[in-house]
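Asker: give me a model of this one.
(chains A and B)
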Amino acid sequence: MNFFSWLQYDFMKYAFLAILIITPLFGLMGTMIVNRKMAFFSDALGHSALTGIAVGVVLGVNNTSISMVVFAIVFALLLNLISGKVSSSTDTVISVFSSCSIALGLAILSQGGNFSKYSSILVGDILSITPREIWYLFVILLAALAFWLFGFNKLLAVSLNRTLAGSLHISAVWLENLFAVLTALIVMVSIKWIGILIINALLILPAAAAKNISENMREYHFFSILFSVFSGVLGLVISYYTNVATGPTIVILASFIYFATYWWGSRYNV
Amino acid sequence: MKRNKYMFVLLMLLAITLAGGIFTGAYIHVDGERQQQKGIYVVTSFYPVYIAALNVTKGSSGVVLENLSEPQSGCMHDYQLTPQDMILLSKADLFLVNGGGIESFLSDVGKSYPQLAIVKASDGLELSGGENAHVWMDTRNYAAMVRNIAEALKQVDPANAELYQTNAKDYCEKIGKLTEEMEELRVETEGKPVVIFHEAYEYVAEELGMNIVYCLDLDEERQISAHEVAEVIEEIAQGEVSVVFAEELYGKDMGDTVETETQARVCYLDALVRGDYRADSYLSAMQANIDVLKRAFRSADK
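Answerer: Have a look, this model is predicted:
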């Protein structure tokens, strides 16, 4: 049997391309998200996809992807704004936002008992990848790379110490908003085939695994991207042969890596 | 120390690849045996169509009949094709579907495989209410579907045309016996009010000449609101409805509520969207449905 027989189908080619674009992206963004302790934030964003679709359905938009992306951006900006102003801790604010939007989404989508129509978005459907979505992903990859090259040091400075960053004339608010919007875009474009329930795992796990064994920033990014691409490609191939949803397979592999690196890190790294 | 770490990462990734490879290999080995046959590939979309095709192709050589990896729960309404389905369809010569909009993924299939012959078994049948596609629940419709399927098979495999013709005739005769029983039952049920908890039973009620006063479409993941429950119970009490048709899996809770709150009797019928893959399973399941109905009406009359 030819090992690459899975590449003869168009949908697998699209999926493979999408994985090749998105996993380095996830690895990269993951490091920033983990650094900034925003794991919960991207999780809430993922859940807001449900509300985004619901809003699209209510407004009668044909392509619910658009309403999903727009809603996620608004959601991310609003979340940033409010968490900066409210006195209770950020994770409380995020939790309030996230559960509010899930409730709203469920209420609208389950109206008339039709929720099953949307349940595929919970686990993701790999056949929903189209060439157009691959182009979107590619553009976002470029934007993220640009952001990473120009903004990374500043963002790191902000996350370490806001006052210090301010003294260097870095506008924390702008940077944070830009970052939130970028995260929202990535999550939304890939959520349809990865699934709401696990998209966050894909963002967080490779970075968290890399953090277990890295001693400096360069290693951290390198390992994060390596783990992300590795679990993405292998997960796709395994899911193809075993007829299992792709997103969960990838996440299972990534969690293996996390536990292995955790063991190694606690043993040899200080 | 540093080189150690890269070695560790390398070994870890290799180990995971190897474990994944072995696992996948074992899976393919178990699963792959049936994929080697040659012949005319006929793929059906789901259970009732598969059973009908199974009966029509009985005893034919060189025809491989496969069903899509259908969902374990519920109807095909919101089913999405899996990669395995796409592979199955890519080798198919004929794709038999129920039609009537129940296979919402059909347009995707048409786009991906423009060469594939897709035949709708419910062609030429009138859908109840214009859009209810559970046509197989009416035994007369089911017989028509069997004949449509035989026609389609004759087109792609003319060599076996005669066999398909006789198989279809035999099977339709057996279905005809069920139709007769339904007609006998109709004498008692004609014009009586009924409440149904699944769209599919519209066809049963129609075949029995019953008058549907309320349809609550309960299926997988359907969350009913408290208001709807109250509405149904009121409807049953007001309309003096004595029977309710429900599906055991999704209608049981609601059925129990109805039986405690009202005088109506709940008949749990098989909607025949899934079942075991024996050739006579449609006949036996439908017979069981008829027996349930008979018992319900006989006891309601006393």
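
Asker: excluding chain neighbours, give the residue nearest to residue 181 in space.
Answerer: Unless you meant another one, I'm taking chain A. Take residue A:181 and drop its neighbours on the chain: the residue closest to it by Cβ to Cβ, 6 or more residues apart in numbering or on different chains is residue A:73, 5.4 Å away. Where you see a C-beta, it was placed from the backbone N, CA and C, and this is true even at glycine.

Asker: wrong chain, I was asking about chain B
Answerer: For residue B:181, ignoring the flanking residues on the chain, the nearest one in space by Cβ to Cβ, 6+ apart is residue B:290 at 5.2 Å.

Asker: which SS class is the one you found?
Answerer: For residue B:290, the assignment made with DSSP: H, G, I helix; E, B strand; the rest coil gives helix.

Asker: correct me if wrong: it contacts residue B:178.
Answerer: Yes: here residue B:290 reaches residue B:178: they are 6.7 Å apart, a contact under Cβ atoms under 8 Å.

Asker: helix, strand or coil for the spatially most central residue of chain B?
Answerer: Among the residues of chain B, the one closest to the centroid is residue B:273, at 2.5 Å (Cα atoms, centre = their mean). Remark: residue B:273 carries the secondary structure label coil [criterion: three-state DSSP].

Asker: where's stretch B:50-59 relative to the chain centroid, distance-wise?
Answerer: In terms of Cα atoms, centre = their mean, to the nearest Å, the centre of stretch B:50-59 is found 15 Å from the chain centre.

Asker: tell me which residues of it come out buried.
Answerer: Buried residues in stretch B:50-59, defined by neighbour count with 16 or more other Cβ atoms under 10 Å in any protein chain shown: B:50-57.

Asker: which residues in the chain form helices?
Answerer: Since you didn't name a chain, this refers to chain A. Secondary structure of chain A, counting by DSSP state H: helices at A:10-35, A:39-59, A:64-85, A:90-109, A:120-123, A:131-160, A:162-167, A:172-194, A:199-213, A:217-242, A:246-268.

Asker: that's the other chain; I wanted chain B
Answerer: Secondary structure of chain B, counting by DSSP H: helices at B:2-31, B:47-56, B:83-90, B:106-112, B:139-156, B:161-189, B:201-207, B:226-238, B:248-261, B:281-301.

Asker: out of the helices of chain A, name the one with the poorest average pLDDT.
Answerer: For these, the bottom mean pLDDT is recorded on helix A:162-167, which sits at a mean of 70.

Asker: surely residue B:43 meets residue B:68?
Answerer: Yes: taking contacts as Cβ under 8 Å, residue B:43 lies within contact range of residue B:68: 6.7 Å.

Asker: so how far is residue B:113 from the residue nearest to residue B:117 when sequence neighbours are not counted?
Answerer: Nearest residue to residue B:117, sequence neighbours excluded (Cβ to Cβ, 6+ apart): residue B:94, at 5.1 Å. To residue B:113, residue B:94 is 12 Å away according to Cβ to Cβ, to the nearest Å.

Asker: how about residue A:120?
Answerer: Look at residue A:120 and residue B:113: by Cβ to Cβ, they are 21 Å apart.

Asker: with residue B:191 instead?
Answerer: The value you get for residue B:191 to residue B:113, if Cβ to Cβ is used, is 48 Å.

Asker: more neighbours: which of these two?
Answerer: Using other Cβ atoms under 10 Å in any protein chain shown as the criterion, residue B:191 and residue B:113 rank with residue B:113 on top: 15 against 9.

Asker: so for the more buried one, what's the pLDDT?
Answerer: Here, the pLDDT recorded for residue B:113 equals 83.

Asker: circling back: to residue B:168, which of the helices of chain A lies closest?
Answerer: The closest of the helices of chain A to residue B:168 is helix A:10-35. By Cβ to Cβ, the value is 35.5 Å.

Asker: helices or strands up against that closest one?
Answerer: In this structure, helix A:10-35 makes packing contacts with helix A:39-59, helix A:131-160, helix A:172-194, helix A:199-213, helix A:217-242, helix B:83-90, judged by 3 or more Cβ pairs under 8 Å, 6 or more residues apart in numbering or on different chains; DSSP states H and E.
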